[in-house]
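Undergrad: sequence first, then the predicted structure, then my questions.
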Amino acid sequence: MGLFHTRSRSLACVLVILLGTSLVSSASAQGLFGMGFPGLPSLGGFAGGPAGCGEKAGPSVAAPTLYVGWMEDRRGANYQLSGIFLGVDSFDLSHQYPLRGTWFGLSETIALGDNLGAVASGWVLVQANNTHTSELEGSPDFLFPYEWERTPTKWYYIDALLSYRCTEGLTALAGFRYDYYTSHFRQLNVPVADTGDVIINNYIPLVGLQWSYLSANTNLVFRTVGFPVIFGNFKLIELFNGDPFEARGNFKNGYFVEAFTEYSRTLGSAGVGVFARWNLAHTESNTHGGFPDTGTSTFRLGLQRSSWTLGGSFNLAFNMPL
């Protein structure tokens, strides 16, 4: 696949391994840490303080944490569809465009005991305007360049995670993410196509580690999660002079990795923080596509999406016992 490099997968795996190793090696050097999961986009902030010496921590619900962050990535989203159309002609179709906009997130954490916790969170993207999309279409020997003037995109995801504190400062994470993503291609500069739409449903298992350092009023968090397989499905519809070309299929392999860090501070009865998040998703599929009156052909599909997000968090620093 021309747009996707195998080195991306290697880099993602190396990042998870290196960060996980550093977490394990440094955890024993830290002081006593709380059961809370402050500052994570999937793990709400300022939840569940540490139990006292000999005291058994009871279940409690933290105040919801609000996250607001700006996402920017020039590499953004890449799609490439390639194959032999109707068993005769080689055909390639690809889209590439940056991702930018404002993320809003809300998370809620439940401390279930001394070492066990649960969390649910949801995030939604408010996209910035005027995202241009580059399109290449044709045969591998000669690809025609086009550009869509507008690419409105909707993106949201929902997390559910369980956490287990392995040792002081180190928490193991396991859960699931549902990720919905759709882009609409509008106003092609050379009007050979009318519109285009991509719809993606991702079902992503999550496993990872979190390391945190907690003092009286501050908290520093590093987290990495990922999984070597992404489940889901893909649908592409592009309208050529009123005639729809449609391709769809289920993902057969891929990977996902996300790294996150936050520094947060308690100010009176409130908590505020700043965070940075990076993630990368890569999926592949064999899809069936074609026009309604010509039958379908099998195509190789590759998808890759990355993003950087920088922002802040806020919540009221209290817990409620269950």
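TA: Good, I have the coordinates. Numbers count the residues shown, from 1 in each chain.
Undergrad: same for the lengthiest strand in the chain, what does it pack against?
TA: Looking across the chain with DSSP state E, the single longest strand is strand 89-111. When contacts are defined as 3 or more C-beta pairs under 8 Å, 6 or more residues apart in numbering; DSSP states H and E, strand 89-111 packs onto strand 60-62, strand 65-85, strand 116-127, strand 133-139, strand 142-150, strand 153-167, strand 170-188, strand 297-316. Quick note: C-beta positions are derived from backbone N, CA and C, even for glycine.
Undergrad: dump that strand to CSV, keeping only the CA atoms.
TA: The C-alpha coordinates for strand 89-111 follow below in CSV (Å, rounded to 0.1, in the frame of the first residue of the first chain):
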residue,chain,number,x,y,z
ASP,A,89,-8.4,-2.8,-15.3
SER,A,90,-6.2,-1.9,-12.4
PHE,A,91,-7.9,0.8,-10.2
ASP,A,92,-6.7,2.9,-7.4
LEU,A,93,-8.6,5.4,-5.3
SER,A,94,-7.2,7.3,-2.3
HIS,A,95,-8.0,10.2,0.0
GLN,A,96,-5.6,12.0,2.3
TYR,A,97,-6.5,15.0,4.5
PRO,A,98,-5.5,16.6,7.8
LEU,A,99,-7.4,16.3,11.0
ARG,A,100,-8.1,19.4,13.2
GLY,A,101,-10.7,20.6,15.6
THR,A,102,-11.8,20.8,19.2
TRP,A,103,-12.4,17.7,21.4
PHE,A,104,-14.8,17.7,24.3
GLY,A,105,-14.7,14.9,26.7
LEU,A,106,-16.5,13.9,29.9
SER,A,107,-15.4,11.0,32.2
GLU,A,108,-16.7,9.4,35.3
THR,A,109,-14.7,7.1,37.6
ILE,A,110,-15.8,4.6,40.3
ALA,A,111,-13.3,3.4,42.8
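Undergrad: quick one: which of the helices and strands packed on strand 89-111 is nearest residue 210?
TA: Judged by C-beta to C-beta, the one of the helices and strands packed on strand 89-111 that comes nearest to residue 210 is strand 170-188, at 4.4 Å.
Undergrad: tell me the mean pLDDT for the closest one?
TA: For strand 170-188, the mean per-residue pLDDT is 92.
Undergrad: which residues touch the residue positioned nearest the centre of the chain?
TA: The centroid of the chain falls nearest to residue 279 when counting by C-alpha atoms, centre = their mean (5.5 Å). Contacts for residue 279 (C-beta atoms under 8 Å, 6 or more residues apart in numbering) come out as 256, 257, 258, 259, 306, 307.
Undergrad: show me what counts as buried in the helix or strand hosting the fourth one.
TA: In this case it means residue 259. Using DSSP states H and E, residue 259 maps to strand 253-267. Buried residues in strand 253-267, counted by 16 or more other C-beta atoms under 10 Å: 254, 255, 256, 257, 258, 259, 260, 261, 262, 263, 264, 266.
Undergrad: strands paired with that strand, and their directions?
TA: Next to strand 253-267 in the sheet, as set by DSSP bridges, lie strand 218-227 (antiparallel), strand 270-290 (antiparallel).
Undergrad: the shortest one - what's its average pLDDT?
TA: Mean pLDDT, strand 218-227: 93.
Undergrad: stretch 311-322 now?
TA: For stretch 311-322, mean pLDDT is 75.
Undergrad: any idea which of the buried residues of strand 253-267 is closest to residue 292?
TA: Nearest to residue 292 among those is residue 254, at 29.3 Å by C-beta to C-beta.
Undergrad: the closest one touches residue 301, doesn't it?
TA: No: using C-beta atoms under 8 Å, residue 254 is not in contact with residue 301; the gap is 10.8 Å.
Undergrad: and for those two, which residues touch both?
TA: With C-beta under 8 Å, 6+ apart, residue 254 and residue 301 have common neighbours residue 284.
Undergrad: please name the nearest non-neighbouring residue to residue 89.
TA: Nearest residue to residue 89, sequence neighbours excluded (C-beta to C-beta, 6 or more residues apart in numbering): residue 139, at 6.8 Å.
Undergrad: mind listing what that neighbour touches?
TA: The contact partners of residue 139, by C-beta under 8 Å, 6+ apart, come to 89, 90, 91, 92.
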